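Peer 1: The following block contains a protein sequence and its predicted model.
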Amino acid sequence: MGQAAAAIEQYQFDFLDINMGCPAPKIVSGGAGSKLMLDPDVCGRIVEQVVQNTSRPVTVKMRKGWDADHITAVECAKACEQAGAVLVAVHARTREQMYTPGIDLEIIRRVKEAVKIPVLGNGDIHTAEDALTMMRETGCDGVMIARAALGDPWLFERVNAAIEGLPAPKEPNLQARMNALRRQVEEMVEQKGEFVAMPQARAQTMHYMKGLKGASALRRYCCELSHLEDIDTLIEAVFDQQRRAADADDNREIPFP
């Protein structure tokens with residue numbers, strides 16, 4: 001890890017984050033990701049080596065622990081802080097729990113009380129109110145949002161407004177949602193090339209169908225994406241489905257500009 005940090009030091013980036021929270025079998029089978037939560041000493045030594053080989057701030061993402069018998073977030077956070085980490089983010093589930101059931105806000109509070117560096121809470125933040133509740137009940141310094149932002153990048157704006165005590169921003173209309181969808185896929189193609197990006201875009205675009213009329217049929221269009229221009233066919237189908245729904249019931253509120 002120290003050698004890896006040194007190898008990328010020449011590139012431009014703002015901070016270096018160590019993921020000690022990933023639960024994927026292919027990751028933990030090699031001893032990485034959330035498997036590190038079983039050994040707080042190793043967590044600390046990894047952070048120490050990375051800190052020694054980079055001029056950037058080093059942060060750490062972790063979980064509550066490995067399983068119900070190994071709740072190690074507090075110990076791991078303290079070890080990382082002592083080794084030079086400037087921030088830790090805590091996903092309040094064990095690796096055994098993966099993404100269910102609900103999160104344990106208590107573990108975030110315990111980590112916050114145990115270290116002096118900033119602590120971010122993570123897990124089950126679907127609304128601005130969820131973020132406020134987490135911060136209020138744990139004392140954490142901020143929140144980290146992951147799955148809930150898929151297809152809804154405006155969630156960050158709503159959360160920021162709630163934290164700052166500002167009025168909730170206006171919900172995006174259908175045109176704004178489709179613009180965001182297309183921009184995301186275009187950037188994926190720019191970064192990875194069409195051959196790699198478009199199969200990945202199938203899953204990403206499905207998230208934007210949530211809440212739309214005829215969503216199940218529209219997801220079939222998502223599964224057929226192979227070329228960038230296919231996005232236009234998908235978007236045309238989205239607008240067509242919403243028009244049909246509006247024609248069928250003029251009193252129904254449709255997110256159509």
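Peer 2: Received it, and whenever you're ready, just let me know what you need. Numbering: from 1, shown residues only.
Peer 1: Find the centremost residue of the chain, please.
Peer 2: Nearest to the geometric centre of the chain sits A146, at 1.8 Å (Cα atoms, centre = their mean).
Peer 1: what number of residues lie near the spatially closest residue to that one that is not a sequence neighbour?
Peer 2: Leaving aside its chain neighbours, A146 sits nearest to N122 (6.9 Å; criterion: Cβ to Cβ, 6 or more residues apart in numbering). Every residue, glycine included, has its C-beta placed from N, CA and C. Residues lying near N122 (other Cβ atoms under 10 Å) number 23.
Peer 1: which residues sit in contact with N122?
Peer 2: 61, 89-92, 143-146 (Cβ atoms under 8 Å, 6 or more residues apart in numbering).
Peer 1: Any idea which helix or strand in the chain has the lowest mean pLDDT?
Peer 2: helix 230-248 (a mean of 90; mean pLDDT, DSSP states H and E).
Peer 1: List of residues touching that one?
Peer 2: 174, 178, 181-182, 185-186, 198, 201, 205, 209, 212-214, 217-218, 221-222, 224-225, 252, 254-256.
Peer 1: now do stretch 192-204
Peer 2: The contact list for stretch 192-204 (Cβ under 8 Å, 6+ apart) reads 150-151, 184-185, 188-189, 191, 222-228, 230-231.
Peer 1: Give me the subset of those residues that lies in strands.
Peer 2: Using DSSP state E, no member of the contacts of stretch 192-204 falls in strands.
Peer 1: Which among those count as buried?
Peer 2: Restricting the contacts of stretch 192-204 to buried positions leaves 151, 184-185, 188-189, 222, 225, 228, 230-231, with burial counted as 16 or more other Cβ atoms under 10 Å.
Peer 1: circling back: ok, of the contacts of N122, which one's closest to G30?
Peer 2: Proximity of the contacts of N122 to G30 (Cβ to Cβ) peaks at K61, which lies at 17.4 Å.
Peer 1: can you tell me how far the residue lying closest to E224 once chain neighbours are set aside sits from P153?
Peer 2: Spatial nearest neighbour of E224, chain neighbours left out: D230 (6.8 Å); criterion: Cβ to Cβ, 6+ apart. From D230 over to P153 the distance is 21 Å, taken as Cβ to Cβ, to the nearest Å.
Peer 1: now swap in Q49 and tell me
Peer 2: For Q49, the distance to P153 equals 35 Å [Cβ to Cβ].
Peer 1: coming back round to it: what pLDDT is listed against the residue nearest to the centre of the chain?
Peer 2: For A146, the model assigns a pLDDT of 92.
Peer 1: The stretch 101-250 of the chain: helices as residue ranges?
Peer 2: Remark: helices assigned in the stretch 101-250 of the chain by DSSP state H, counting those that start in this stretch are 105-114, 128-138, 155-163, 174-192, 194-207, 215-222, 230-248.
Peer 1: Go through the fifth one and flag the buried ones.
Peer 2: Within helix 194-207, the residues that qualify as buried by neighbour count (16+ other Cβ under 10 Å) are 194, 197-198, 201-202, 204-207.
Peer 1: Can you give me the neighbour number for V28?
Peer 2: Neighbours of V28 under the rule other Cβ under 10 Å: 18.
Peer 1: where does the closest residue in space to it that isn't next to it in sequence fall, helix, sheet strand or coil?
Peer 2: Leaving aside its chain neighbours, V28 sits nearest to K35 (4.1 Å; criterion: Cβ to Cβ, 6+ apart). Here K35 is recorded as helix under DSSP: H, G, I helix; E, B strand; the rest coil.
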